[in-house]
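> Next input, structure requested:
(2 chains)
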Protein chains: 2
Amino acid sequence: MTYTCVRRSLTRKRVSETRKFSFLFCYFPSLSLLKVSFFYESSCALSSETGRYNFKMTEKAGSPLARTVLQQCLYARLQVKPADDQSEAEWVEIDRGMVVYICFFKGATEEMIQKIVNTLLNLKLCEADSGKYVSVLDLPGNILIVPQATLGGKAKGKGMQYHHNIGKEEGLQLYSNFVSLCEKELALSSNSSETGMIVKHGTYGNRQVLKLDTNGPYTHLMEF
Amino acid sequence: MTYTCVRRSLTRKRVSETRKFSFLFCYFPSLSLLKVSFFYESSCALSSETGRYNFKMTEKAGSPLARTVLQQCLYARLQVKPADDQSEAEWVEIDRGMVVYICFFKGATEEMIQKIVNTLLNLKLCEADSGKYVSVLDLPGNILIVPQATLGGKAKGKGMQYHHNIGKEEGLQLYSNFVSLCEKELALSSNSSETGMIVKHGTYGNRQVLKLDTNGPYTHLMEF
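Coordinates of the predicted model:
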């Protein structure tokens, strides 16, 4: 008799709900082997313990490292600098395309940015004039990127906590790379030269004053 | 030596990714007890098997049954009837308040609606004039409810699948109850009579043409 076990099933979210630390056991009677993982809150560090069983470490839990919410738009306008004594507020705007709200969690890495960009730009989320769904690259559409730390929030009582969000400097770096890669991918797209697709983006860490005009926001959640 | 185990950690999502069925084991050496659960794909049916250990069933897996995305707004306008030959399009609109996009998954029940409403209306997500965060009831703010089936999407390749979304009739019923309960809670609120807070909502199953004007969308994800 052999058993298998889904090791990635214990997410960081769940672990943190337990307040302390949790164990996930996989027992293989045919091998007399007990596989155990300790998941500590937040860090998801793995530990092992020896005993009368043979303990092995498992891979890390599969909680998201980045969360995006995607909305389709006919027009969107984002304030990138508020008005002050010297000058009026500054805005960026796009016509038809996609608004990408993005938030990074602790543990997010540069390596994952390319995958996120590839996924978001190639997912068939946009309704073409034909009624068929195509990617934002194929629409062709524009992209407005909105840094949105609140997406990392977790309710505690009536308040929100953002303990899992990445630190500001690291987040800014990842965000900048994300924007750059989106711009690069759009520039490489065969549709770009003909139609002048653009990427616009908000300023990391600041208030995102947004105006959105949709023909159906088609709100999607994508986690990485 | 006694161990505890997070039983709800094996989510339906994870299970469905395994394609077949998966096991979660909790081993209690001090009791010589092995607790095992079999999670079948999609249905999350639980089964047990006898052997040389004492098997027990555990509670159901904890994947979300409802997903909401919340955005703050200064003004929002939603089309509830498109224009046709006889009449112009009809819209509902709210001033300052919160837009709630909601999607129900298979397995969602009437019983959970009250909890969802209580949570969403009492979470401190809204920035008051003082800069402090308060609930939409305390703001006091208005609520625009947008049925948003796309929130239940899961990427497969470049396409999106909505296999976990609830069926249309059940979804409509839950959605109607959700709207009614929001209206009821707002009417009961002490702020309501003074300020005339309102709940507006979209039509289930139809295209949601939305215009949104924010002072920072403060996009939050809440799952139940």
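> Which parts of chain A are helices?
Under the criterion DSSP state H, helices of chain A are mapped to A:12-17, A:111-122, A:168-188, A:192-195.
> Looking at these, spot the one closest to B:Gly202.
Among the helices of chain A, helix A:111-122 comes nearest to B:Gly202, with 25.4 Å by CB to CB. Just so you know, the C-beta spots here come from the backbone N, C-alpha and C atoms, and that holds for glycine as well.
> Just checking that closest one against chain B, any contact.
Yes. With CB under 8 Å from any CB of the partner chain as the criterion, chain B is reached by helix A:111-122 at A:Thr119, A:Asn122.
> What are the buried residues along that helix?
A:Met112, A:Ile113, A:Ile116, A:Val117, A:Leu120, A:Leu121, A:Asn122 (16 or more other CB atoms under 10 Å in any protein chain shown).
> now, among those, which is nearest to chain B?
A:Asn122 (5.4 Å; CB to the nearest CB).
> give me every residue that touches the closest one.
A:Ser135, A:Leu137, B:Lys158 (CB atoms under 8 Å, 6 or more residues apart in numbering or on different chains).
> Relative to B:Asn122, how far out is the first one?
As for A:Ser135, its distance to B:Asn122 is 39 Å (criterion: CB to CB, to the nearest Å).
> now the helices of chain A in TSV, with mean pLDDT and distance to A:Gly131?
Shown next, in TSV, are the helices of chain A (pLDDT from 0 to 100; distance: least, CB to CB, whole Å):
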stretch	mean pLDDT	distance to A:Gly131
helix A:12-17	37	37
helix A:111-122	97	20
helix A:168-188	96	24
helix A:192-195	72	20
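> Check what pLDDT the residue lying closest to A:Val69 once chain neighbours are set aside gets.
Of all residues not flanking A:Val69 in the chain, A:Tyr101 sits nearest, at 4.4 Å (CB to CB, 6 or more residues apart in numbering or on different chains). On the pLDDT scale, A:Tyr101 is placed at 98.
> so how many other residues sit close to A:Tyr101?
Look at A:Tyr101: counted by other CB atoms under 10 Å in any protein chain shown, it has 27 neighbours.
> bridging residues for it?
A:Val69, A:Val146 (DSSP bridges).
> re the thing from before, tell me the most buried of the helices of chain A?
helix A:12-17 (a mean of 20; mean count of other CB atoms under 10 Å in any protein chain shown).
> Any stretches of chain A with poor pLDDT?
Within chain A, the set of residues satisfying pLDDT under 70 comprises A:1-62.
> Mind doing that once more with 90?
Applying pLDDT under 90 to chain A picks out residues A:1-63, A:189-196.
> pretty sure A:Leu174 is touching A:Glu111, no?
No. Contact criterion CB atoms under 8 Å: A:Leu174 and A:Glu111 do not qualify, at 10.5 Å.
> any shared contact partners between the two?
Common neighbours of A:Leu174 and A:Glu111 (CB under 8 Å, 6+ apart) do not exist.
> Nearest residue to A:Ala108 in space, please, no chain neighbours.
A:Leu65 (4.2 Å).
> you'd agree the one you found is up against A:Phe105?
Yes. A:Leu65 is within contact range of A:Phe105, at 5.1 Å (criterion: CB under 8 Å).
> ok, A:Val92 - contacts?
Counting by CB under 8 Å, 6+ apart, A:Val92 has contacts A:Arg77, A:Leu78, A:Val80, A:Leu144, A:Lys200, A:His201, A:Gly202.
> Write a ChimeraX command that selects only the buried members of those residues.
The ChimeraX selection below is limited to those of these classed as buried (16+ other CB under 10 Å):
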select /A:77,78,144,200,201,202
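> Max pairwise distance over the contacts of A:Val92: which two?
Largest separation among the contacts of A:Val92 by CB to CB: A:Arg77 and A:His201, giving 12.8 Å.
> quick one on the thing from earlier: nearest to B:Leu212, of the contacts of A:Asn122?
Using CB to CB, A:Ser135 is the member of the contacts of A:Asn122 that lies nearest B:Leu212, at 23.5 Å.
> A:Leu121 is in contact with that closest one, correct?
Yes. The criterion here is CB under 8 Å, and A:Ser135 meets it with A:Leu121 at 6.2 Å.
> OK, contacts around A:Lys200?
Counted by CB under 8 Å, 6+ apart, A:Lys200 has contacts A:Leu78, A:Val92, A:Glu93, A:Ile94, A:Asn142, A:Ile143, A:Leu144, A:Ile145.
> Check these and tell me the two furthest apart.
The widest separation within these (CB to CB) is 13.0 Å, between A:Glu93 and A:Ile145.
> More neighbours: which of the two?
A count of neighbours by other CB under 10 Å puts A:Ile145 above the other of A:Glu93 and A:Ile145, at 25 against 13.
> can you tell me how far the more buried one sits from chain B?
13 Å (CB to the nearest CB, to the nearest Å).
> OK, contacts around the nearest residue to that residue once chain neighbours are set aside?
Of all residues not flanking A:Ile145 in the chain, A:His201 sits nearest, at 3.9 Å (CB to CB, 6+ apart). The contact partners of A:His201, taken as CB under 8 Å, 6+ apart, are A:Leu78, A:Val92, A:Leu144, A:Ile145, A:Val146, A:Pro147, A:Val179.
> Please tabulate those residues in a markdown table, including the columns distance to B:Asn165.
Formatted as a markdown table, the contacts of A:His201 follow (distance: CB to CB, whole Å):
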| residue | distance to B:Asn165 |
| --- | --- |
| A:Leu78 | 30 |
| A:Val92 | 34 |
| A:Leu144 | 27 |
| A:Ile145 | 28 |
| A:Val146 | 26 |
| A:Pro147 | 29 |
| A:Val179 | 32 |
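> which of the residues you listed lies closest to chain B?
Using CB to the nearest CB, A:Val146 is the member of these that sits closest to chain B, with 7.4 Å.
> Does that closest one touch A:Val100 like I think?
Yes. With contact defined as CB under 8 Å, A:Val146 counts as touching A:Val100 (6.8 Å).
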